[in-house]
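> Below are the sequence and a predicted model for it; my questions follow.
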Amino acid sequence: MTEEKDKRPPEENFTPGAANAYIINEEILRSRIRTILNDPKPSSFLQQISTNPLVPVILGFLLTGLVGAFLTYYYNVKQKELEFELNARQRDREREKDDRQKELERERDERQKERERVKDENEKDLEYIRSKQDRELERLREERQKDLEYQRTQQNIVAQRTIEQVRVLDQFMKYISSEKPEERELGYFVFVSLGYEKLAATIIGQRRDLAGKEVLATLKENPDKEIKRLAVSGLAKISEVEIQRIEAITNLFETSKSDTPYNDIDDFLISKSVTRSRNLLSIIKSYIESPDAQYKDELTIYVGRLEKQDSTLSEDAKFLQLLRQAKKDPIMINVLTQLNRRLFFEPALRAAGALGIKTLLGFAVVYDSMVMGGFQRIRDQTSQELNGAPLAGVDERLWIKTYLKNRRTWFANHPLPLFHLLPVSRTDFFLALAENGKWDLAPPLDVRGVILK
């Protein structure tokens, strides 16, 4: 046994396989020694195998080896499958990466090509635009040059025309400054024909020149808004001046004051009759309605008595004094003027229109006759004598002169001596204007020693 123990492999050569072989040999040796010592009855092969303690060991070893080999094989196969799958995935990822890389490179190439194409097209467009702009600039320069040449030519023409117009205007300035209305009217029309409508309208408006009335009437239809405004403004000024001038003539004959017409206050102060002065109540009411009336409060208390036509007012010294003072108040003067226009001026305007009278002198004669009275009588007599009125074709100047002569004769032969002096001289005043050709009542006018300008 000692020898057998010495037959063990050296420790440096001792491996798991050698250890197993050594154990088996040891077991076999012990089995033989027991057999010799005991010398049992020989058993069958199966019994020997089943009773042999090495069998389980060998079987366990074999099963362990088989299971280990199987597991090793199984895991090797799985490992290979995993490695194959990982390799396949890796190859797929690499292939996808390559594909993406190629796709990106292709897209970059396409974008680069597109940018180059767009760049080329933009350069072509810019070149076309620059070329077009150059052509347009050249065309504009040529047109500008032509315009400048044309403007210089036109300026020369305008300058020549202006010089000629200035020369003509200089010649016709004497007409505008003339004392004769017909010459001033001619001068204004010349200004208009030469293109100086604004200047003509401005001069006429500032001067309030009646001779330019027809010129302004023509310019009122001008399409130029400024010229039209000047014409309308000038006509308004002239119309008001005409009205005031006509009123002033009659006022001077009636009250010796150019701005105060004859009225019911004067009539009441003279006649001392409330019933005769029909408009006295309306005059007082209109006056006290104004907040600026100077004697508003003092006259208000007399309204009730005026409405009752109290005859004792003619003896009321305070009331009479108030009327004399109120007559001088500008508010009262305006009230009297407006009443006079409603009672006399507007009817005179309608009567003159019905007769076809157009001159200011003719209208002034009709208005003065309306104020004095007796207009219809002399009107009918004159129209019968001349077989018609200006509206029917009779010369207006002839009709007015004939009317004034008939009126003078009527006053001179009136049974009341009151009509023999002032009314006759009043009619002679208008006859003198007609004989002197003052049909437009152009100032200055001498009315009873008062100069109307």
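Arrived safely, thanks for sending. Because the structure is a prediction, the values reported are computed rather than measured.
> hey, where'd the helices end up in the stretch 201-350 of the chain?
213-219, 225-255, 264-271, 280-288, 296-300, 303-307, 317-326, 330-340, 346-355 (DSSP state H, counting those that start in this stretch).
> Below-threshold pLDDT in the stretch 151-300 of the chain: ranges please.
Along the stretch 151-300 of the chain, the parts satisfying pLDDT under 70 run over 161-162, 164-166, 168-172, 179-181, 207-210, 236-238, 267-278.
> So, low pLDDT: which residues of the stretch 1-150 of the chain?
Across the stretch 1-150 of the chain (using pLDDT under 70), the flagged ranges come out as 1-20, 34-52, 55.
> quick one, helices of it?
2-6, 16-38, 45-51, 54-176.
> how's this structure carved up into domains?
Each domain of the chain is listed here as a residue range: 2-42, 181-253, 261-342, 357-453, per automatic domain parsing.
> got those as a markdown table, with mean neighbour count and distance to Glu107 columns?
Every residue, glycine included, has its C-beta placed from N, CA and C. As requested, those are exported to a markdown table (neighbours: other CB atoms under 10 Å; distance: least, CB to CB, whole Å):
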| stretch | mean neighbour count | distance to Glu107 |
| --- | --- | --- |
| domain 2-42 | 10 | 63 |
| domain 181-253 | 19 | 69 |
| domain 261-342 | 16 | 93 |
| domain 357-453 | 17 | 96 |
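> Quick one: those domains as a markdown table, columns for distance to Gln151 too.
Formatted as a markdown table, those follow (distance: least, CB to CB, whole Å):
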| stretch | distance to Gln151 |
| --- | --- |
| domain 2-42 | 123 |
| domain 181-253 | 19 |
| domain 261-342 | 56 |
| domain 357-453 | 45 |
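> how far away is Gly80 from Ile378?
To be clear, residue 80 is Lys; Gly isn't right here. 149 Å (CB to CB, to the nearest Å).
> and what of Ile288?
39 Å.
> Then Leu219?
Leu219 is 38 Å from Ile378, by CB to CB.
> ditto for Pro417
Taken as CB to CB, the span from Pro417 to Ile378 is 20 Å.
> Next: Gly388.
On the measure of CB to CB, Gly388 and Ile378 end up 15 Å apart.
> cool, and Ala364?
15 Å.
> Please report phi then psi for Ile451.
The phi/psi pair for Ile451 (degrees, to the nearest 10) reads phi -90, psi 120.
> Now do the contacts for it.
Going by CB atoms under 8 Å, 6 or more residues apart in numbering, Ile451 touches Pro444, Leu445.
> Just grab the bridge partners of it for me.
Taking DSSP bridges as the rule, Ile451 bridges to Asp446.
> nearest residue to Ile243 other than its sequence neighbours?
Setting aside the residues directly before and after it, Ile243 is nearest to Phe345 in space (CB to CB, 6 or more residues apart in numbering), at 7.2 Å.
> right, and that neighbour touches Tyr367 too?
Yes - look at Phe345 against Tyr367 with CB atoms under 8 Å: they come within range, at 6.2 Å.
> Overlap in contacts, those two.
Joint contacts of Phe345 and Tyr367 (CB under 8 Å, 6+ apart) are Glu247.
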